[in-house]
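> Structure for the following, please:
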Amino acid sequence: MFFAEERNTLSPGRMPATPNPTIPPAPKAARTALKKLVRQDPDLARIEAEAGPLPWRVRQAGFPGLLNAIVGQQISNQAAAAIWGRCCALPDCLTPDGFLALDEPCLRAAGLSRPKIGHARAVAEAFRAGILETAALAVMTDEEAVRTISSVRGLGIWSAEIYLLFALERMDVFPAGDLALQAAIAHLKGLEARPTPTALRALAAPWQPYRALAARLLWHWWRHVTGRPSIDDIHERKQA
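As a prediction, this is how the structure comes out:
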């Protein structure tokens, strides 16, 4: 989750979050693409030099990946990690049928709000009805997959793009509506204000066909300058 990562000012002297050794490094193909990307934008080249190697975060494809996106919508990483951990502990919560079998009090106790329960149930029903299919989404173009996913109640364009980026590991998806990306690029490039989604898409255009890698770098930068861990770091440290 990245929506709630915006911050107007940075605390001076704050140390970056400790890297999570359980998160693997970027795969070879991504590293090759990253070399091309940073050669064309010196600001992006600063990120790994100052923040360390880019960790390669992924999400499980299918219903779990989209449920994870719903859990993380518009709340902090700390809150999202806590709720996600409780959801994972519920019996069969990460399958469409299992989720639909859980009653509202159980899901509310895990931390899901009523609107998010409704949205997650709509996603589970879409999988059960075949409107969403894990294998079919994997072979769609980015545009087709975003259109299909965002047609389901509770899954907007941001959720669809996050799914493509982390669950399908697409290379050119760029969720310009993400507040952390907007804040990160404003900080990295010394902009006076956070760019709008439209302006951010324009700024990201030269990074094609590797805009998803640029997004990963920008999130990595924002975690570095704010000292905030990702949802993966929080959840896995709690599991340890």
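> Please count neighbours and contacts with C-alpha atoms only from this point.
Fine.
> okay, the residue nearest to Pro91 when sequence neighbours are not counted: pLDDT?
Closest residue to Pro91 apart from its sequence neighbours, by CA to CA, 6 or more residues apart in numbering: Gly98 at 7.1 Å. pLDDT recorded at Gly98 is 98.
> likewise the one 10 residues further on?
Here the pLDDT value assigned to Arg108 is 97.
> do the same with Leu132
With respect to pLDDT, Leu132 scores 98.
> one step back: buried ones in the strand or helix carrying the residue nearest to Pro91?
Here Gly98 sits within helix 96-101, counting by DSSP states H and E. Under the neighbour-count criterion of 16 or more other CA atoms under 10 Å, helix 96-101 has Pro96, Phe99, Leu100 buried.
> that older thread, how much space between the residue nearest to Pro91 and Ser159?
22 Å (CA to CA, to the nearest Å).
> same thing with Ala80?
14 Å.
> Could you do Arg170 as well?
Arg170 is 14 Å from Ser159, by CA to CA.
> Trp221 too?
21 Å.
> what does Arg59 give?
Counting by CA to CA, the gap from Arg59 to Ser159 is 12 Å.
> More neighbours: which of these two?
Ser159 (25 against 19; other CA atoms under 10 Å).
> Next up, the contacts around that one.
By CA atoms under 8 Å, 6 or more residues apart in numbering, the contact set of Ser159 is Leu66, Ala69, Ile70, Ser150.
> Point out the ones among those residues that are inside helices.
Judged by DSSP state H, the contacts of Ser159 include Leu66, Ala69, Ile70, Ser150 as members of helices.
> Closest one to Pro91 out of those, please.
Pro91 lies nearest to Leu66 out of the ones in helices among the contacts of Ser159, by CA to CA, at 17.8 Å.
> What about the residue nearest to that closest one when sequence neighbours are not counted, how many residues nearby?
Once flanking residues are discounted, Leu66 sits nearest to Tyr163: 6.4 Å by CA to CA, 6+ apart. Number of residues near Tyr163 (other CA under 10 Å) recorded here: 27.
> So Tyr163 lies in a strand, does it not?
No. Checked against DSSP: H, G, I helix; E, B strand; the rest coil, Tyr163 lies outside a strand; its state is helix.
> distance of it from Ala45?
Noted for Tyr163: a distance of 26 Å to Ala45, by CA to CA.
> and the protein, what are its domains?
The chain is divided into the following domains under automatic domain parsing: 3-16+28-56+173-227, 63-166.
> which of the ones you listed has the lowest average pLDDT?
Going by mean pLDDT, the lowest-scoring of the domains of the chain is domain 3-16+28-56+173-227, which has a mean of 88.
> tell me the pLDDT at the closest residue to Gln60 other than its chain neighbours?
Closest residue to Gln60 apart from its sequence neighbours, by CA to CA, 6+ apart: Ala167 at 5.5 Å. You'll see Ala167 listed with a pLDDT of 97.
> Repeat that for Thr22.
Thr22 is assigned a pLDDT of 69 by the prediction.
> any idea how far the closest residue to Leu67 other than its chain neighbours lies from Cys88?
Spatial nearest neighbour of Leu67, chain neighbours left out: Ala120 (6.2 Å); criterion: CA to CA, 6+ apart. In this view, Ala120 and Cys88 are 14 Å apart by CA to CA.
> ok, these two, which is more surrounded?
Ala120 (27 against 14).
> what's downstream of the helix or strand that one falls within, the next helix or strand?
In the assignment (DSSP H and E), Ala120 maps to helix 114-128. Once the chain leaves helix 114-128, the next helix or strand it forms, by DSSP H and E, is helix 134-139.
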